[in-house]
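A.B. asks: Could you work out the structure for the sequence below:
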Amino acid sequence: MLILGGTSEAAALDQHLAEQAPDIRAIISLAGHTVDPRPSNLPVRVGGFGGIEGLRQYLRDENIIAVIDATHPFAAIMPFHAEHACKAEGVPLLAIRRAPWHPVEGDRWENVPDMEAAAEALGHEPRRVFLTIGRLDLPVFADAPQHHYLVRAIEPIGDRLPVPHVEVIQQRGPFSLEGEEALMREKGIEILVSKNSGGDATAAKLVAARRLGLPVIMVERPPKPDVETVAHVHQVLPWLVAEGLFVTERGV
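C.D. replies: Numbering: from 1, shown residues only. Coordinates of the predicted model:
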């Protein structure tokens, strides 16, 4: 089985398989954006496949009988490559997609379609901005150098945001509500920019922003292919059983 990873769901599935189905042979594939990924029980490959044809070849060469798409909600290319490659090779495909966040009473969200729109939505007047979007999308905000940026990322950002005022915090979630609120107060944050990734690991920042009355620029997810989908890793084994790809100890 091939797991297209890079998310907390992929890590949770890795652990779930180790505990519940250690006989399943699987490999996790990572894009390679993170230099220091989470430890894994399963073998890990890093890097792309070479497009749809490269992925098709990999499925054949490795005798892959099922693919689990546990890529990030903002992965815009690989989910479609997986759809086309699996369809062409007749390999069952299941996507794990966490639910997006939704605003509740007290939230001050502005939904935007992409990062360019998020940078534009900050406005012309200088503001103290908390960017919680990872490092790959930072260059867009170089077009708005008047702001003071607080950037949180797992990896060093290098020269991805060449502006006069930028501070970087290297951290990996989950984050506590108390910690998020204290950080925003300490840094004098005036506005938060976030991807609508969903999940619990980084949701506390939204509650903290609500408590502090701060506006949030929320970047919407890119389109995804219409494939069979589940919300939780615990639904993967039942899917494998239903597909006739795995038999439990009870023979079910």
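A.B. asks: unless I'm mixing things up, Thr229 is touching Ala99, no?
C.D. replies: No: Thr229 lies out of contact with Ala99 (Cβ atoms under 8 Å); the separation is 10.9 Å. To be clear about C-beta, it is placed using only N, CA and C from the backbone, and glycine gets the same treatment.
A.B. asks: For the two, indicate the residue with more neighbours.
C.D. replies: Thr229 (14 against 9; other Cβ atoms under 10 Å).
A.B. asks: Look up how far Met1 lies from that one.
C.D. replies: 17 Å (Cβ to Cβ, to the nearest Å).
A.B. asks: residue ranges for the helices of this protein, please.
C.D. replies: In the chain, the helices defined using DSSP state H lie at 8-20, 51-61, 78-89, 115-121, 177-187, 204-212, 236-242.
A.B. asks: In JSON lines, list the ones you listed along with mean neighbour count, mean pLDDT and distance to Val44.
C.D. replies: Converted to JSON lines, the helices of the chain look like this (neighbours: other Cβ atoms under 10 Å; pLDDT from 0 to 100; distance: least, Cβ to Cβ, whole Å):
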{"stretch": "helix 8-20", "mean neighbour count": "19", "mean pLDDT": "89", "distance to Val44": "9"}
{"stretch": "helix 51-61", "mean neighbour count": "16", "mean pLDDT": "97", "distance to Val44": "14"}
{"stretch": "helix 78-89", "mean neighbour count": "19", "mean pLDDT": "98", "distance to Val44": "16"}
{"stretch": "helix 115-121", "mean neighbour count": "18", "mean pLDDT": "97", "distance to Val44": "28"}
{"stretch": "helix 177-187", "mean neighbour count": "15", "mean pLDDT": "98", "distance to Val44": "30"}
{"stretch": "helix 204-212", "mean neighbour count": "19", "mean pLDDT": "98", "distance to Val44": "29"}
{"stretch": "helix 236-242", "mean neighbour count": "17", "mean pLDDT": "94", "distance to Val44": "18"}
